[in-house]
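one predicted model, sequence on top.
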Amino acid sequence: MNKVISVVTPVHGESAKFLPDAYASLAAQTLPSGWSWQWCVQEDGSDVGAGAQLPTDDPRIRISASRHGGPHVARTLAFARSTGGYVKTLDSDDQLTPGTLARDIALLESEPTVGWTTSRAIDLLEDGSTASFELDDPAPGRLSRGSAYGFWAQHRRPQIHPATLCVRRPLLALLGGWMALPASGDTGLLLGLDALADGWFIGETGLVYRKHGGQITTHPDHKAGAEWEARMALIQERADALRSWVGSTKAEWLRHRAATHGGIGLRGTSSG
């Protein structure tokens, strides 16, 4: 695998003004020996002007534009232009904390059975102060497959922040990137990842999450109404289908093992 971590960022006109802070947080990252980052910035629509906010002499920055499709379509198009073996999400109005990318890389390099990572996030308020994020963080360490779904199904919100995700490229490709929804597409991705592979929660704060009036999450349809119901229903249907498919595939593998290896069952114990 190449030693590149791709950071993908969607940007629309109103949020372009925050790009210099996001870039500064990237430029301050120190990576393990031999590693580099690339930043795939995807303008969601015309006349966004991301290039005017960023240096023109940093070859790690890759800016492209596409017709307006919403943030999750833009993220997926940024992913399509990326080349890194690991893919990290960063919204244009957010910032990475020092050491975030190094921690993601170190964890995924040392834990080959972990497919994705998340971390703590703190809110950056409009007055410049910070506050703990509203979620109840799990204990640092491995997140067993299905654990994120269990919390979401009970509370209809994720326990871990999907804006902090870092994902192995083949796993993200398998899911087709982010769900093409006007909002919550990152939650849909999180639950898809959770259906397919174990994750890992990094206890150190990895993201400064900016709160401001122009966020999609401030829209009145974000947490109520017919659109919210449709988004939640589709996210759950997709997660249920993936969980069922994985379970069926595993059951078929176990049946094959039992037929060809003398009744070896789950965890290598005798099925008899």
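Ah, there it is. Numbering: from 1, shown residues only.

would you map the helices across this structure?
Using DSSP state H, the helices found in the chain span residues 19-27, 71-81, 100-110, 147-155, 169-174, 185-196, 225-260.

for the fifth one, buried residues please.
Residues of helix 169-174 classed as buried under the neighbour-count rule (16 or more other Cβ atoms under 10 Å) are 169, 172. To be clear about C-beta, it is placed using only N, CA and C from the backbone, and glycine gets the same treatment.

so which helix or strand of this protein has the lowest pLDDT on average?
strand 130-132 (a mean of 69; mean pLDDT, DSSP states H and E).

which residues sit in contact with Pro112?
Contact partners of Pro112, counting by Cβ atoms under 8 Å, 6 or more residues apart in numbering, are absent.

please apply the same query to the one 3 residues further on.
When contacts are counted by Cβ under 8 Å, 6+ apart, Gly115 is found next to 167-168, 171, 193, 196-199.

need those residues in JSON lines (columns: pLDDT and distance to Arg67).
Converted to JSON lines, the contacts of Gly115 look like this (pLDDT from 0 to 100; distance: Cβ to Cβ, whole Å):
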{"residue": "Val167", "pLDDT": "98", "distance to Arg67": "25"}
{"residue": "Arg168", "pLDDT": "98", "distance to Arg67": "29"}
{"residue": "Leu171", "pLDDT": "97", "distance to Arg67": "27"}
{"residue": "Leu193", "pLDDT": "97", "distance to Arg67": "27"}
{"residue": "Leu196", "pLDDT": "96", "distance to Arg67": "30"}
{"residue": "Ala197", "pLDDT": "96", "distance to Arg67": "32"}
{"residue": "Asp198", "pLDDT": "97", "distance to Arg67": "37"}
{"residue": "Gly199", "pLDDT": "98", "distance to Arg67": "33"}
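
let's have those in JSON lines, adding distance to Ser110.
Formatted as JSON lines, the contacts of Gly115 follow (distance: Cβ to Cβ, whole Å):
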{"residue": "Val167", "distance to Ser110": "16"}
{"residue": "Arg168", "distance to Ser110": "13"}
{"residue": "Leu171", "distance to Ser110": "17"}
{"residue": "Leu193", "distance to Ser110": "19"}
{"residue": "Leu196", "distance to Ser110": "20"}
{"residue": "Ala197", "distance to Ser110": "16"}
{"residue": "Asp198", "distance to Ser110": "14"}
{"residue": "Gly199", "distance to Ser110": "14"}
